[in-house]
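*Asks:* what follows is a predicted structure for the sequence shown.
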Amino acid sequence: MKFEWKDEFSVGIKQIDEQHKTLISISNKFHNFLLDGKGASVIADVVKFLDMYVKIHFKTEETFMEQFGYPHTDEHKKEHAELVSFVDKLKTIVINGDVGQDDAIKLNIKLFQWYINHIGTSDKKLGNFLHDKPLKVVVIDKEIIDK
Ligand SMILES: [Fe+2]
């Protein structure tokens with residue numbers, strides 16, 4: 001399964017779209033390794049990247065939500081927390097060193113499902129809410145990545 005960025009995935013907010021493109025691009029590269037049977041060899045790097053980038057991305061969206069009093073903030077944050085906990089679990093598996101091709105496949109499927117379910121619905125809803133707001137680019141403090 002390959003997941004290419006299409007304009008219909010745009011939520012209409014440039015900073016969010018750019019971050020989604022980065023996430024999709026890394027997932028596609030990961031997918032190519034999987035197809036070559038090399039998923040297990042790169043999953044540690046992919047998890048490390050996601051652990052950092054997903055936090056930056058979610059913090060960006062959540063900052064917009066808080067700045068403008070988004071009414072669905074709690075349920076949206078719950079969805080974010082669910083992916084963070086999935087990545088956290090994988091991080092533990094990677095650290096313990098028993099990560100395999102199965103985990104790599106699971107992660108890849110999870111990411112693609114996430115893009116369809118979360119970006120396609122929750123993020124679009126957020127984008128619609130934000131489209132007429134005076135947004136400024138959110139700058140994320142490096143400290144949140146180290147936590
Ligand atoms: Fe989101």
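*Replies:* Thanks, I have the structure now.
*Asks:* residues in this protein within reach of the ion, list them.
*Replies:* By C-beta under 5 Å from the ion, the residues of the chain that approach the ion are 61, 123. From N, CA and C alone the C-beta is placed, and that goes for glycine too.
*Asks:* mind listing what residue 66 touches?
*Replies:* residue 73 (C-beta atoms under 8 Å, 6 or more residues apart in numbering).
*Asks:* okay, buried residues for the host helix or strand of residue 82 please.
*Replies:* Using DSSP states H and E, residue 82 sits within helix 73-96. Residues of helix 73-96 classed as buried: 73, 76, 77, 79, 80, 83, 86, 87, 90, 91, 93, 94 (neighbour count, 16 or more other C-beta atoms under 10 Å).
*Asks:* output the below-cut-off pLDDT ranges for the chain.
*Replies:* In the predicted model, the chain carries pLDDT under 70 at residues 1-2, 143-147.
*Asks:* quick one: the helices in it?
*Replies:* For the chain, applying DSSP state H gives helices covering 14-35, 39-67, 73-96, 101-114, 124-130, 143-146.
*Asks:* about what we covered before: tell me the angle of the helix holding residue 82 relative to helix 101-114?
*Replies:* Angle of helix 73-96 versus helix 101-114, following axes from the mean of the first three to the mean of the last three C-alpha atoms, to 10 degrees, is 160 degrees.
*Asks:* then helix 73-96 to CSV, C-alphas only?
*Replies:* Written as CSV, here are the backbone C-alpha positions of helix 73-96 (Å, rounded to 0.1, in the frame of the first residue of the first chain):
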residue,chain,number,x,y,z
THR,A,73,-9.8,20.3,21.3
ASP,A,74,-10.2,17.5,23.9
GLU,A,75,-11.3,14.8,21.5
HIS,A,76,-8.7,15.8,18.9
LYS,A,77,-5.9,15.7,21.6
LYS,A,78,-7.1,12.2,22.6
GLU,A,79,-6.5,11.0,19.0
HIS,A,80,-3.0,12.6,19.1
ALA,A,81,-2.3,10.9,22.5
GLU,A,82,-3.2,7.6,21.0
LEU,A,83,-0.6,7.8,18.3
VAL,A,84,2.0,9.1,20.7
SER,A,85,1.4,6.1,23.0
PHE,A,86,1.7,3.7,19.9
VAL,A,87,5.1,5.3,19.0
ASP,A,88,6.1,5.2,22.7
LYS,A,89,5.4,1.4,22.9
LEU,A,90,7.5,0.9,19.8
LYS,A,91,10.3,2.9,21.2
THR,A,92,10.4,0.6,24.2
ILE,A,93,10.5,-2.5,21.8
VAL,A,94,13.3,-0.8,19.8
ILE,A,95,15.3,0.0,22.9
ASN,A,96,14.9,-3.6,24.1
